[in-house]
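Visitor: fold the following and give me the result.
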Amino acid sequence: MNGTENTLVNPKSKSLYFLQQCRFWIPNVVAPIIFIIGLFGNVMTIIVLTRKRMSGSTNTYLTALAVSDLLYLIFYMTLSLEHHMSDTKYILYWKYWRFAVWFADATVAISTWLTVSFTLERYIAVCHPLKGKVVCTEARARKVIGFVVMFCLISTVTTPFEWNTQININPETNKTTVIQYSSLGKNKTYKTIFYWFSGITFVFIPLILLGTLNYLLINAVRISQQKRKNLTEGNSRKNYKEKQENKITTALVAVVFLFLFCQGPSAITLILSIFYNPEEGTDGYNIVHGVGNIFNLLLAVNAAFNFLLYCAMSDKYRQTMYRTFCPSLAINHQRANTFSSNASYRSSMHR
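Guide: Okay, here's the model as predicted:
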C-alpha cells in the first residue's frame, strides 16, 4: 500500500528479501499469466454455459461463478500494479484502489456463497430427487444468485472507507505514501467486529456446509456406482443416465475441492489478522505480507482454472465447447462418443 521500489535491493534480512521476491515475481510474472488464462477460460465458460442446450439450474450457478471469477481476476490484476504506483501522478489509481479492494473482497465472498449454493442444490437433486424437481429450478437459482450478490456487496460496503487517499512525503526518507488508514480503518472495535463477522460469514459457515455436503455427495456417488454395477441388462439406458448425473456431481465436487485448497489459506490469514498485526519493517510484517501475496495468488488460480475441471469432467461441456468454437471437432467428437456408447451398450447385451 505504501509506495515501494520494484527493483531488488540488498535486503537487511531474509524476511525482507522474501517479501521483495514475492512483490517482484508474483505481480510482474506469475499474475499476468494467471490473468490471461483466467480471462480466456472464464469468457469461454460464460459463452458455453449460456447456450440453450446447457440451460439448467446448475449451469446458471456456474455461469454466475464464472462472471464473479472473471471480475475478481480483473480487480486482482489492477491491484497487483500498486507497487508501480508510488509517484504522486497516480493519485487517480489510488482513488480507484480503495473501491477495487472492496469489489475484490465482494467477488471472493460471492464466489464462496455461490459454491455453497450449487453444492446444496446438487445435494438436494442427488439425495432428495423428488424435492429436487420442485426446488432446483433456473428461476430459483437466479433469485438465489441475486440475493448472494446483494448480501456480499452490502456486507463488505465499509471496505473503501477504511482508507484515505492522501499524498504524504517523509522529508527524512523521501518516501511517498499515497494511501493510509482512515479513522475507521484504525478503529479497533470496528476491525474486531468486521473481521469476526467476515470470518464467521465467509469462512466458518461455508467451510462447515461445504465439508458436510461434499461428504454426503461423495457417499451418494459411491452408492450409485455400486448400484449401477448390479443393474440388469434391461436397465442400460438408466445406467447411462445415472452415470452422466454422477459425472456432473463429481465435477462439482472437484470444483469445491479446488475452492477449498485455494481459498483455505486466505481464510486462515483473515482470522489470524484479528490477533496478529505486526508493525511495518519488522520480520513479522515482511513474512505476513509475503505469504499474503502467495495466498492472494491462490485466489486468482482458483478463479482462473475452474474451466479446466469442466473440460476434463463434463462430456456435455466439451461437446458444447466444440460446437461453439470448433464445429468440425464437434462432429468427430460426437462420432467417437456415439461409437463408444454403442460399444458399451452392445457389450452389456452380451454379458
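
Visitor: burial check on Lys186, number of neighbours?
Guide: Lys186 is flanked by 11 other residues according to other C-beta atoms under 10 Å. From N, CA and C alone the C-beta is placed, and that goes for glycine too.

Visitor: show me the contacts for it.
Guide: Contact analysis of Lys186 by C-beta atoms under 8 Å, 6 or more residues apart in numbering lists nothing.

Visitor: roughly how far does it sit from Leu258?
Guide: 36 Å (C-beta to C-beta, to the nearest Å).

Visitor: pLDDT on whichever helix or strand Arg222 is part of, on average?
Guide: In this structure, Arg222 sits in helix 205-229 according to DSSP states H and E. Helix 205-229 shows a mean pLDDT of 82.

Visitor: buried ones in that helix?
Guide: Pro206, Leu207, Leu209, Leu210, Leu213, Asn214, Leu217, Ala220, Val221 (16 or more other C-beta atoms under 10 Å).

Visitor: in this structure the fourth one contacts Phe118, no?
Guide: Right, Leu210. No. Counting by C-beta atoms under 8 Å, Leu210 sits too far from Phe118 to count as a contact (10.7 Å).

Visitor: ok, which stretches of the stretch 51-200 of the chain are strands?
Guide: 163-169, 176-181 (DSSP state E, counting those that start in this stretch).

Visitor: export those strands to JSON lines and tack on mean pLDDT, distance to Glu279 and mean neighbour count?
Guide: What follows is the strands of the stretch 51-200 of the chain, written out as JSON lines (pLDDT from 0 to 100; distance: least, C-beta to C-beta, whole Å; neighbours: other C-beta atoms under 10 Å):
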{"stretch": "strand 163-169", "mean pLDDT": "78", "distance to Glu279": "18", "mean neighbour count": "14"}
{"stretch": "strand 176-181", "mean pLDDT": "74", "distance to Glu279": "13", "mean neighbour count": "17"}
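
Visitor: looking at those strands, which is nearest to Tyr276?
Guide: strand 176-181 (17.0 Å; C-beta to C-beta).

Visitor: check contacts around Ala304.
Guide: Ala304 neighbours (C-beta under 8 Å, 6+ apart): Ile34, Phe35, Ile37, Gly38, Gly41, Asn42, Asp69, Leu73.

Visitor: which of those has the most neighbours?
Guide: Going by other C-beta under 10 Å, Asp69 tops the contacts of Ala304 with 28 neighbours.

Visitor: distance of it from Val101?
Guide: Relative to Val101, and taking C-beta to C-beta, Asp69 is found at 17 Å.

Visitor: could you pick out the longest helix of the protein?
Guide: Determined from DSSP state H, the single longest helix within the chain is helix 236-275.

Visitor: tell me the mean pLDDT for that one?
Guide: Here the average pLDDT along helix 236-275 is 76.

Visitor: what helices and strands are in contact with it?
Guide: Contacts defined by 3 or more C-beta pairs under 8 Å, 6 or more residues apart in numbering; DSSP states H and E place helix 236-275 against helix 91-127, helix 188-199, helix 205-229, helix 283-313, helix 315-325, helix 327-349.

Visitor: if you drop the residues flanking it in sequence, what lies closest to Tyr61?
Guide: Phe118 (3.8 Å; C-beta to C-beta, 6 or more residues apart in numbering).

Visitor: same thing with Arg142?
Guide: Thr60 (6.3 Å).

Visitor: and that neighbour, how many neighbours?
Guide: Thr60 - counted by other C-beta under 10 Å - has 23 other residues nearby.

Visitor: the one 4 residues further on too?
Guide: Burial of Ala64 is recorded as 24 neighbouring residues (other C-beta under 10 Å).

Visitor: just Ala125 next, same as before
Guide: Ala125: 20 neighbours (other C-beta under 10 Å).
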